Structure formats: structure tokens, C-alpha cells
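> With the sequence up front, the predicted model follows.
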Amino acid sequence: MRSTNPLCPSNPPCPTNPPCPTNLPTPHQPPTPHQPPTPQQKHDAIACSLDGDGQLDRLAEWRDLFAGATAREPAPERVRFTLPAAHAGRAAELAAAEQRCCPFFRFTLVFHGADVHLTVQAPADAGELLAALTDEPGAAVSS
């Protein structure tokens, strides 16, 4: 019997191994854009581990990236930017760095021809932080 659990020691199966138990944990998978967050992700603290100067530096990096956006589409709990595909590498680097200090944010990159769509999502109770990250200076808070 082949196990579908990648943590199973007999995956791939071996004729001399006993069947793999089915109650082993599965590795953590981040939700896809069409999948709701897991209970653990819902309970991630709404906090940033960067100090004040680190936050200002990071915000400047985001503003620099978003300055190249050709479209900005706010919606409840998310903002989607359209960027030239050449900016995808920088967008991915920033998203990965942001995840390390602010794990409550979710980032999705979707390629569409010569463009890449970057969606930034946050729980409803992190709306002000989402706005601070994604809104143009002086713009109204996104909802």
C-alpha cells in the first residue's frame, strides 16, 4: 500500500517495509489564494519583528517597488498590484523578507504575459498595517 504522506518512512513503498501509519502529520503548506488560512495562521500574532528604522527602510523598499506598478486594485483585506514581469524577482525577495518579520501577511505572485500581479493580503484586524504597507503616502486606508 502506497502512502500519500511524504513524511512516511516507507514512501516510496518497499516490499519489506510494513504499511505506513496513516496518522503521521503532514508538512505545513501555506494556503493558496483560493484556500482559507489554517487555524494556526489565523492565530499568528499581528506584529512586526523589525525595529522602527528597519520598518522605515522596508517601507521605502515597498514604495520603490510599488512606484513601478501600472495598476493598484484595493479590496477588503487585500491589495493587488500589476507590475512589469521584470519586477517579479524583487517582489518575491521583498515578500519573503516581509514574511519573516510579519508572518500574518500573505503574498501571491501570478504571471500574466508581460505583467505580474502581486497580491498582498492580511487579516481584517491587520487592516491598518496592510494600508501602511500598500497605500500611497497620504492615501485613505484601504478596506
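Perfect, I can see it now.

> Now Val116. Nearest residue, chain neighbours left out?
Nearest-residue entry for Val116: Ala88, 4.4 Å, with adjacent residues in sequence omitted and distances by CB to CB, 6 or more residues apart in numbering. (Glycine included, C-beta is placed from N, CA and C.)

> Which SSE is immediately downstream of whichever strand or helix holds that neighbour?
Under the criterion of DSSP states H and E, Ala88 resides in helix 88-101. Going down the chain from helix 88-101, the next helix or strand is strand 106-112, by DSSP H and E.

> Now that next one: buried residues?
Going by neighbour count (16 or more other CB atoms under 10 Å), the buried part of strand 106-112 is Arg106, Phe107, Thr108.

> For those, give me JSON lines that also has pLDDT and distance to Ala47.
JSON lines is the format used below for the buried residues of strand 106-112 (pLDDT from 0 to 100; distance: CB to CB, whole Å):
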{"residue": "Arg106", "pLDDT": "95", "distance to Ala47": "16"}
{"residue": "Phe107", "pLDDT": "97", "distance to Ala47": "18"}
{"residue": "Thr108", "pLDDT": "97", "distance to Ala47": "22"}
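
> can I get these in a markdown table with distance to Leu133?
As requested, the buried residues of strand 106-112 are arranged in a markdown table below (distance: CB to CB, whole Å):
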| residue | distance to Leu133 |
| --- | --- |
| Arg106 | 12 |
| Phe107 | 11 |
| Thr108 | 15 |
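
> on that earlier part again, any idea how far the residue nearest to Val116 is from Thr70?
Here the distance between Ala88 and Thr70 works out to 14 Å (CB to CB, to the nearest Å).
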